[in-house]
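J.: Next come a sequence and a model predicted from it.
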Amino acid sequence: ESQKEVQIQVQHQAARDLAHAQTSPAVTPGTGQMYRATSLRGSDAGRTALAGWVKRGYARCARRSSPPWVTRKEMYETQSNFLTLTKVAFYLSSSVRMHCLIRIPLSFCLLALALPAAAQWRTGYFMQHEAAGQTAATIPWSKYTHVIHSALRPTYSNQVCDLDATEGLLRAADIEDFVTGAHAAGVNAIIGIRQDDTLEAITACTAPQNIEQFVDRIRTFVTNTGYDGLDLDWENNTITPQYQDLIRRLRTALPTAILSVVVGFAQRFMTGAVQYDLDQINIRAYDLDSQDLTGSPINYTWYHSPTLQGANTQDQSMDVLSWYYVSAGNASSKLGLAVPFYGRIRNACLNETGTNGVTDPNQAWVGRAEIGSIPYRDLVNSTYWSLGAHVWDDSRSSQYIQYRNGSCATDAFIPYVGPDQLQAVAA
């Protein structure tokens, strides 16, 4: 098909998509892009601003044959959801803008990527052991629909599976305060379950001979403590059959509970197969600066949580991760993006003389590179913040600090997801 034919097709599909969402769109064709939805009116969908260009690469779904997981009758709905996501991936309802404030005791904020007609959520992680002594009483409950209490860890000893709350500093009093505070504010209280460091327990407890007792232990904990659901974070060496079996069994054991997962690029097909048992599929849109989409190490400066990919088609970013999850069969109405509440500090030399260091994205370094993270509460009070140049990267809708101090050991590239970037994501 010619570019013009594809453009017309996508414009027509977009119009049907918007009509299907019971909106009244104003669609303006673009010359270099596919189309732009400039306004929406009516119902809950009308409160979702869908301004922004749909990239040419994303629109290819409109001219593909029906995916293998849907019937011909379902093809329209699949394409409609796909095109909807390419817009909603970057723009949320104005009512949720800028709720991910810095210097609050939440380490991550999950931005909802729901279909225009679907209910949106705003999920935060309260990491008790990293909250610097802050308690549940300091959480700005009104800014969130769900807050995850992080986190329990699985244990396995003498063929017995259990849950450990000590590492996450989840004492009984802390749990009661968290659940009580959430419910008083009308917020869903979710307990997080995170893989153990060695992966021995999560692997053993999800094996066929142990998974029944493990699921029963989880069910008992959720029921007895009053949480509204649980969030699973199994990040490394995930075993697909065991992961999917765990999700299905948890849904059976807790039929009315909220079930969510936080997942990475490689897990998109795992969740696609069990999405009907999940309420939220939150994509890890952080720590994206160590390897590209092929898994190859990155030897140049890159954002740890970029909104848009930009020119480098191998780089990870929020828009690309969203696209991959939908193309793997995940419903866009269940997708969210997990973004970090910390900045990244990258130090490396641009040349052998050591006189100049990296200060901008896409700069290749020579020799060894140093990398570290800095919480926002420390970043905003640092010399990086006060003396560095704050730069907005329009092509990636991302921001960073350009810090120059006279040598490659002290020069730094410091990306962070601050208010400007969050506003660009949610505007």
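T.: Sure, I can see it.

J.: how about stretch 354-365: buried residues?
T.: Counting neighbours by 16 or more other Cβ atoms under 10 Å, one finds that the buried residues in stretch 354-365 are G357, V358, T359, P361, N362, Q363, W365. Heads up, the C-betas are built off the backbone N, CA and C, glycines and all.

J.: quick one: the last one and R377, what's the gap?
T.: So that's W365. Distance of W365 to R377, computed by Cβ to Cβ, to the nearest Å: 29 Å.

J.: ok, back up a step: so which of the buried residues of stretch 354-365 would you say is closest to A331?
T.: Nearest to A331 out of those is P361 (Cβ to Cβ; 32.4 Å).

J.: quick one: the closest one and Y300, what's the gap?
T.: According to Cβ to Cβ, P361 and Y300 sit 8 Å apart.

J.: can you check Y416 too?
T.: From Y416 over to Y300 (counting by Cβ to Cβ), the distance is 18 Å.

J.: now swap in T180 and tell me
T.: In terms of Cβ to Cβ, T180 sits 48 Å off from Y300.

J.: the more surrounded of those two?
T.: Using other Cβ atoms under 10 Å as the criterion, T180 and Y300 rank with Y300 on top: 17 against 13.

J.: And the strands in the stretch 251-400 of the chain, which stretches?
T.: With DSSP state E, counting those that start in this stretch as the criterion, the stretch 251-400 of the chain has strands at 258-263, 280-284, 335-340, 342-349, 366-375, 389-393, 398-403.

J.: Pretty sure N299 sits against Q363.
T.: No. N299 lies out of contact with Q363 (Cβ atoms under 8 Å); the separation is 10.2 Å.

J.: and the strands of the stretch 251-400 of the chain as JSON lines, adding mean pLDDT?
T.: JSON lines is the format used below for these (pLDDT from 0 to 100):
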{"stretch": "strand 258-263", "mean pLDDT": "97"}
{"stretch": "strand 280-284", "mean pLDDT": "95"}
{"stretch": "strand 335-340", "mean pLDDT": "92"}
{"stretch": "strand 342-349", "mean pLDDT": "96"}
{"stretch": "strand 366-375", "mean pLDDT": "92"}
{"stretch": "strand 389-393", "mean pLDDT": "97"}
{"stretch": "strand 398-403", "mean pLDDT": "97"}
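
J.: Out of those strands, flag the one nearest P306.
T.: Nearest to P306 among the strands of the stretch 251-400 of the chain is strand 398-403 (4.6 Å), distances taken as Cβ to Cβ.

J.: May I have the helix or strand just after the closest one as PDB, with CA atoms only?
T.: Remark: after strand 398-403, the chain's next helix or strand is strand 412-415, criterion DSSP states H and E. Only the C-alpha atoms of strand 412-415 are listed here, as PDB (Å, rounded to 0.1, in the frame of the first residue of the first chain):
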ATOM      1  CA  ALA A 412      27.400  14.600  34.600                       C
ATOM      2  CA  PHE A 413      24.300  13.700  32.600                       C
ATOM      3  CA  ILE A 414      21.400  13.500  35.100                       C
ATOM      4  CA  PRO A 415      18.000  12.500  33.700                       C
END
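
J.: and the angle from the very next helix or strand once past strand 412-415 to strand 335-340?
T.: Using DSSP H and E, the helix or strand that follows strand 412-415 in sequence is helix 419-426. Angle, helix 419-426 to strand 335-340, by axes from the mean of the first three to the mean of the last three Cα atoms, to 10 degrees: 170 degrees.

J.: quick one: buried residues of helix 419-426?
T.: The neighbour-count check on helix 419-426 (16+ other Cβ under 10 Å) flags Q421, L422, A424, V425, A426 as buried.

J.: Over to stretch 303-312?
T.: Y303, H304, S305, P306, T307, L308, Q309, G310, N312.

J.: Which residues are in contact with the nearest residue to S398 once chain neighbours are set aside?
T.: Distance criterion Cβ to Cβ, 6 or more residues apart in numbering; nearest residue to S398, sequence neighbours excluded, is P306 at 4.6 Å. Contacts of P306 were listed using Cβ atoms under 8 Å, 6 or more residues apart in numbering, and they are L288, D315, Q316, S317, M318, R396, S397, S398, P415.

J.: Of these, which is the most crowded?
T.: Ranked by neighbour count (other Cβ under 10 Å), the contacts of P306 have M318 at the top, with 30 neighbours.

J.: which residues does the residue nearest to that one when sequence neighbours are not counted contact?
T.: Excluding the flanking residues, the one nearest M318 by Cβ to Cβ, 6+ apart is A285, at 4.7 Å. Listed by Cβ under 8 Å, 6+ apart, the contact set of A285 reads S305, S317, M318, L321, L337, A338, V339.

J.: Identify all contacting residues around stretch 149-160.
T.: Contacts of stretch 149-160 (Cβ under 8 Å, 6+ apart): 107, 125-128, 161-165, 167-168, 170, 175, 178, 189-196, 200-202, 204-205, 210, 213-214, 221, 227, 231, 233.

J.: and those, which of them are in strands?
T.: Among the contacts of stretch 149-160, the residues falling in strands (DSSP state E) are 125-127, 161-164, 189-194, 231, 233.

J.: Those: which two are farthest apart?
T.: Greatest spacing in the ones in strands among the contacts of stretch 149-160, by Cβ to Cβ: F126 and C161 (25.2 Å).
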